[in-house]
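Novice: output the structure for:
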Amino acid sequence: MQTRSSTALHASSHLVPLLRGAFAFVVIVAGMLLCAFLVAKGSPTRIVAATAIVLLPAVAYAGLRRPILFPYALYVLLIPFDNLLLISSVGTLTKLLGMLSGLALLFWCMRIKRLQLPPRPLYVLLALLSWAFLSTLWATSQRDALVALPQYVNLALLYAVTAVTPLTLLEFRLLLAATVVGGIAASIYGTHQFYSNPLGVAGDILASRLVIQAGHSTIDPNQFANALLFPIAILTIFALRTRWLAFKALGLGGIALMVGAVALSGSRETIVGVGAIVLYYFWRTRYRVEMAIVTGCGLAASLAVQSSVWLRFANAISSGGGGRVAIWSVGFEAFKHNFLVGYGMGNFTTVYNEFYLRVRQNYPYGWWGPPHNLIVQVGVELGVVGLALLAWFLASVFRDLKVIGPDDPLYEDRVMMEASLISLFIVSMFIGLFTYKYAWLVFAMAAQLRLLVTQRAGIRRISPGESRRIAT
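Specialist: Residues are numbered from 1 along each chain as shown. Now for the predicted structure:
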């Protein structure tokens with residue numbers, strides 16, 4: 001009896017791989033026949049479909065085995081092109097990739113049966129979102145509140161998943177590389193589009209701004225430039241610490257391309273953000289001589305291209321910051337009338353219209369003004385309670401990086417993340433960015449950097465005091 005059962009088990013152990021191989025062979029042959037049929041028809045749509053079918057097995061394998069590298073790294077790479085990649089039924093391609101990335105990462109965590117303890121900022125973010133949900137009860141326009149909330153929830157969910165998914169140092173480095181590649185590609189594309197526009201080149205180039213457009217889709221020049229801050233910070237720290245002159249030269253070239261694109265965009269806030277990164281690196285790194293060279297290359301790139309950015313700085317006071325001062329004065333007036341709980345998430349524009357005529361307009365912006373300031377927006381929409389939770393969240397993201405001490409091999413990565421967070425906070429004083437993926441990418445990467453330290457230490461949470469012992 002034992003001999004028969006062992007023989008049956010032995011036969012079944014050989015039969016399962018055979019069946020798997022036969023199934024894979026049938027699928028591959030069927031896919032090849034379908035691809036041949038589609039390509040034979042010759043239409044671009046069918047050729048793209050054939051290409052997708054060919055890549056599907058590799059894509060599915062990568063999604064199951066290395067979801068950090070695909071689809072999440074592809075999502076990261078495409079963030080600077082976000083608003084151009086419209087899919088009518090979903091929104092944008094990056095939104096679809098973000099949802100697929102979240103599902104793939106969750107499946108990966110269940111597959112390996114491992115999940116890291118959520119970082120402190122995630123608990124604060126949960127409290128902030130809960131308050132935002134509650135604000136729909138007293139919102140001036142419940143419709144506006146219900147439209148705005150899903151944007152925050154989708155971004156927060158992806159942040160939560162990435163913050164608890166284990167990853168390796170190599171995967172973290174590849175995500176940084178994808179961020180830089182996306183930033184450089186967007187800069188090249190934007191620069192080419194700017195100079196290939198006959199109206200921009202033949203007209204008054206000092207009054208023109210880089211507005212990336214594809215069909216009916218456009219990217220706001222300020223948001224485009226802000227999305228380059230994180231890639232600039234990453235590539236700068238890479239160029240500083242690499243010992244290979246060829247890599248330093250490539251890094252400086254990439255920085256020059258991105259800073260040049262920022263200058264063409266005419267974004268004053270981004271120039272200030274880049275300056276904050278430079279000053280922070282001078283203060284917190286040991287590469288001051290190299291930093292001076294990088295800074296010189298960046299300044300040369302911004303001055304080498306004819307752009308409107310310096311003219312816009314000169315006109316900042318006379319225009320009231322492009323009408324921002326007028327918007328903030330209306331927002332402050334509205335805040336005074338309901339400072340405790342606000343008027344509801346997503347209701348800034350509606351409330352702005354209600355209070356617009358109550359404030360003297362020295363630099364009138366007009367109706368339907370966007371907040372152009374994260375503090376003004378959250379103060380009007382969620383009141384003092386929302387402001388306190390927002391400040392707590394941002395401070396927690398920054399403070400969580402303190403576990404990486406000066407002697408830690410990842411200390412320079414910590415400085416890079418801190419500089420990126422500071423620059424984002426600075427630009428958020430002049431534009432709304434809390435619903436933009438490039439801002440949440442920085443939050444997620446900060447959480448992943450801290451996660452690397454906790455994984456290496458073999459514990460789930462460490463204090464700043466314990467980090468000094470870990471570093472030694």
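
Novice: please report phi then psi for Gly215.
Specialist: Reported as degrees, to the nearest 10, the phi and psi values for Gly215 are phi 70, psi -130.

Novice: just the pLDDT for it.
Specialist: Reading off the per-residue confidence, Gly215 sits at a pLDDT of 71.

Novice: what does the one 4 residues further on give?
Specialist: Per-residue confidence (pLDDT) for Ile219: 88.

Novice: and Ile271, by the same measure?
Specialist: With respect to pLDDT, Ile271 has a value of 93.

Novice: quick one: contacts for it?
Specialist: The neighbours of Ile271, taking C-beta atoms under 8 Å, 6 or more residues apart in numbering as the test, are Val262, Ala263, Ser302, Val309, Phe313. The C-beta positions use only the backbone N, C-alpha and C, and glycine is treated the same way.

Novice: hang on, isn't Leu128 packed against Ala391?
Specialist: No. With the criterion set as C-beta atoms under 8 Å, Leu128 and Ala391 do not qualify as a contacting pair; they are 10.2 Å apart.

Novice: roughly how far does Ile317 sit from Arg268?
Specialist: As for Ile317, its distance to Arg268 is 12 Å (criterion: C-beta to C-beta, to the nearest Å).

Novice: one step back: more neighbours: Leu128 and Ala391, which one.
Specialist: Neighbours of Leu128 and Ala391, each counted by other C-beta atoms under 10 Å, are more numerous for Leu128; the result is 22 against 13.

Novice: may I have the secondary structure class of that one?
Specialist: Look at Leu128: counting by DSSP: H, G, I helix; E, B strand; the rest coil, its state is helix.

Novice: all strands of this structure, in order?
Specialist: With DSSP state E as the definition, the chain shows strands at residue ranges 86-87, 91-92, 212-214, 217-219.

Novice: can I get the ones you listed in a markdown table with mean neighbour count and distance to Pro67?
Specialist: As requested, these are arranged in a markdown table below (neighbours: other C-beta atoms under 10 Å; distance: least, C-beta to C-beta, whole Å):
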| stretch | mean neighbour count | distance to Pro67 |
| --- | --- | --- |
| strand 86-87 | 13 | 21 |
| strand 91-92 | 18 | 20 |
| strand 212-214 | 16 | 28 |
| strand 217-219 | 16 | 27 |
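
Novice: CSV for those, including distance to Leu449?
Specialist: What follows is the strands of the chain, written out as CSV (distance: least, C-beta to C-beta, whole Å):
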stretch, distance to Leu449
strand 86-87, 31
strand 91-92, 27
strand 212-214, 30
strand 217-219, 28
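
Novice: for Ala256, give its distance to Leu228.
Specialist: Per C-beta to C-beta, Ala256 is found 12 Å from Leu228.

Novice: got any ranges where the stretch 51-200 of the chain has weak pLDDT?
Specialist: Across the stretch 51-200 of the chain, residues meeting the criterion (pLDDT under 70) sit at 51-64, 89-90, 197-200.

Novice: on the pLDDT front, check Leu452 for me.
Specialist: At Leu452, the pLDDT value in this model is 93.

Novice: number of residues surrounding it?
Specialist: Leu452, neighbours per other C-beta under 10 Å, totals 18.

Novice: so what's it up against?
Specialist: Residues near Leu452 by C-beta under 8 Å, 6+ apart: Leu167, Leu169, Phe172, Leu410.

Novice: buried subset of the residues you listed, written for ChimeraX?
Specialist: Only the buried members of these end up in this ChimeraX selection, burial being decided by 16 or more other C-beta atoms under 10 Å:
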select :167,172,410
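
Novice: contact partners for Tyr189?
Specialist: Going by C-beta under 8 Å, 6+ apart, Tyr189 touches Phe81, Ile212.

Novice: before we move on, what about Ala447?
Specialist: Residues in contact with Ala447 (C-beta under 8 Å, 6+ apart) are Pro119, Pro121, Leu122, Tyr159, Thr162, Ala163, Val397, Asp400.

Novice: how many residues are close by the first one?
Specialist: Neighbourhood size, Pro119 [other C-beta under 10 Å]: 24.

Novice: repeat that for the fourth one.
Specialist: Counted with other C-beta under 10 Å, residues neighbouring Tyr159 total 20.

Novice: how far away is the nearest residue to Tyr280 once chain neighbours are set aside from Glu412?
Specialist: With C-beta to C-beta, 6 or more residues apart in numbering as the measure, Ala419 is the residue that lies nearest to Tyr280, at 4.2 Å, once sequence neighbours are left out. In this view, Ala419 and Glu412 are 10 Å apart by C-beta to C-beta.

Novice: who has more neighbours out of the two?
Specialist: The residue with more neighbours, out of Ala419 and Glu412, is Ala419; 27 against 20, by other C-beta under 10 Å.

Novice: how close does the nearest residue to Gln213 once chain neighbours are set aside sit to Ser187?
Specialist: Counting by C-beta to C-beta, 6+ apart, Gln193 is the residue found nearest to Gln213 once chain neighbours are left out, at 7.2 Å. Look at Gln193 and Ser187: by C-beta to C-beta, they are 11 Å apart.

Novice: now Trp368
Specialist: For Trp368 relative to Ser187 (C-beta to C-beta), the value is 31 Å.

Novice: ok, the residue nearest to the spatial centre of the chain - contacts?
Specialist: For the chain, the residue lying nearest the average C-alpha position, counting by C-alpha atoms, centre = their mean, turns out to be Tyr438 (2.2 Å). Neighbouring residues of Tyr438 by C-beta under 8 Å, 6+ apart: Ile79, Pro80, Asp82, Gln223, Asn226, Ala227, Leu229, Phe230.

Novice: ok, the last one - contacts?
Specialist: For Phe230, the contacting residues are Thr179, Gly183, Ser420, Leu424, Tyr438, Leu441, Val442, Met445, by C-beta under 8 Å, 6+ apart.

Novice: over to Arg360?
Specialist: Ser329.

Novice: please apply the same query to Tyr75.
Specialist: Counting by C-beta under 8 Å, 6+ apart, Tyr75 touches Thr94, Leu97, Gly98, Ser101.

Novice: need the pLDDT of Met32.
Specialist: Confidence at Met32, expressed as pLDDT, is 52.

Novice: buried residues, stretch 393-400. List them.
Specialist: For stretch 393-400, the buried set under the neighbour-count rule, 16+ other C-beta under 10 Å, comprises Phe393, Leu394, Ser396, Val397, Phe398, Asp400.
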